[in-house]
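Novice: Got a predicted structure plus its sequence, pasted below:
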Amino acid sequence: MRDLTGRVVVITGASSGIGAATAVACAEQGMKLVLGARRRDRLEEVAAMVRARGGGVELLVGDVTDPGNAAGLLDLAEDAHGGADFVFSNAGYSFERPFTETSEEDLRAMFEVNFFASVELCRLAARRWLEGGRGGHLILCSSCVSKFPLPYQGIYAATKAAQAMVARSLRHELAPRGIRVSTVHPITTRTEFFDRSAERSGFSEGEAGRNGVPDHAPRLFVQSPERVARAVIGGMRSPRSEIWTSWTVRFSAALFTLFPALQDLVMGRQAASAHPRHDRADDRG
Ligand SMILES: NC(=O)c1ccc[n+]([C@@H]2O[C@H](COP(=O)([O-])OP(=O)(O)OC[C@H]3O[C@@H](n4cnc5c(N)ncnc54)[C@H](OP(=O)(O)O)[C@@H]3O)[C@@H](O)[C@H]2O)c1
């Protein structure tokens with residue numbers, strides 16, 4: 001088990017949800033932090049929680065797709081703390097929308113944030129570690145849907161599967177050079193994620209769900225962002241390829257791979273329950 005005290009972590013998407021909870025959990029481990037996101041006020045709130053736990057923290061306000069954002073985060077880690085030991089590439093978003101109603105612009109925009117920006121930060125960090133002759137640990141926030149895409153969320157699932165696929169290959173390229181690569185596969189997590197997804201999807205308040213979680217999500221499979229944060233800390237201390245927070249869903253993913261007809265049956269039911277809210281969203285224009 002690795003001691004995390006004094007280690008330096010860069011976290012994107014740190015202004016809310018899983019990123020914010022992980023920032024606080026890292027501070028509780030005695031780590032130093034560099035946090036990024038677009039909302040300055042929310043990032044400042046997280047920074048205050050980190051400082052209250054004795055953690056040193058630097059902030060970079062900006063969009064992960066901004067040219068220079070990834071380099072800026074790593075520069076901050078170098079200037080303030082001597083360089084990153086961990087990168088948690090976590091910023092991401094979703095919408096739930098019929099594929100045929102999704103514009104090419106929206107499709108590409110999601111890939112820019114969830115995939116291209118995410119792997120670019122990892123690419124730059126790994127290059128710096130290789131040039132500096134030092135090790136490090138890349139952790140990409142993927143999703144359980146990287147293994148079994150839900151209807152109306154195929155693009156999102158594709159971004160998360162693409163991330164995971166790159167990571168799966170990269171870990172073998174970098175392992176001999178002392179660099180670890182992990183992916184995180186959270187199940188439904190109570191964050192702003194679904195509220196923001198509902199806004200982008202054109203759902204009414206009732207269809208958006210309650211407490212940040214859509215009504216159709218089975219309550220058994222809903223977790224807190226702190227649970228994901230604890231799993232990420234576990235993965236930092238004891239590195240592994242994939243960090244999961246639910247054995248049931250992990251086992252289901254394996255079953256779905258073995259038996260695609262079973263996956264089709266379950267996803268067909270999911271689709272049937274989702275059709276009406278999409279029809280209504282369409283009617284509202
Ligand atoms: N919630 C779930 O059920 C769930 C399940 C599996 C995987 N995940 C993944 O977990 C990660 C974190 O999501 P969350 O649940 O914590 O949702 P969240 O509360 O909405 O947090 C998303 C974070 O990403 C940041 N972000 C989004 N777009 C950005 C951009 N273009 N540039 C910079 N920052 C950006 C947001 O900050 P600003 O808006 O301030 O920029 C926010 O800090 C995502 O990658 C998501 O795909 C979530």
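Specialist: Done, it's in.
Novice: quick one: least confident helix or strand in this protein?
Specialist: helix 205-208 (a mean of 63; mean pLDDT, DSSP states H and E).
Novice: quick check, residue 73 in a helix?
Specialist: Yes - assessed with DSSP: H, G, I helix; E, B strand; the rest coil, residue 73 lies in a helix.
Novice: Correct me if wrong: it contacts residue 10.
Specialist: Yes - the pair residue 73 and residue 10 qualifies as a contact (Cβ atoms under 8 Å) at a distance of 5.0 Å. Where you see a C-beta, it was placed from the backbone N, CA and C, and this is true even at glycine.
Novice: anything in contact with each of these two?
Specialist: 34, 36, 121 (Cβ atoms under 8 Å, 6 or more residues apart in numbering).
Novice: Sort out for me which of these are in helices.
Specialist: Using DSSP state H, the subset of the shared contacts of residue 73 and residue 10 located in helices is residue 121.
Novice: Tabulate the shared contacts of residue 73 and residue 10 (a markdown table), appending pLDDT and neighbour count.
Specialist: As requested, the shared contacts of residue 73 and residue 10 are arranged in a markdown table below (pLDDT from 0 to 100; neighbours: other Cβ atoms under 10 Å):
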| residue | pLDDT | neighbour count |
| --- | --- | --- |
| 34 | 98 | 28 |
| 36 | 98 | 27 |
| 121 | 98 | 27 |
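Novice: Distance to the ligand for the shared contacts of residue 73 and residue 10 - can I get that in TSV?
Specialist: What follows is those, written out as TSV (distance: Cβ to the nearest ligand atom, whole Å):
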residue	distance to the ligand
34	14
36	6
121	11
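Novice: Include distance to residue 164 when you put the shared contacts of residue 73 and residue 10 into a markdown table, please.
Specialist: Output for the shared contacts of residue 73 and residue 10, formatted as a markdown table (distance: Cβ to Cβ, whole Å):
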| residue | distance to residue 164 |
| --- | --- |
| 34 | 24 |
| 36 | 21 |
| 121 | 16 |
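Novice: Brilliant, that's me finished.
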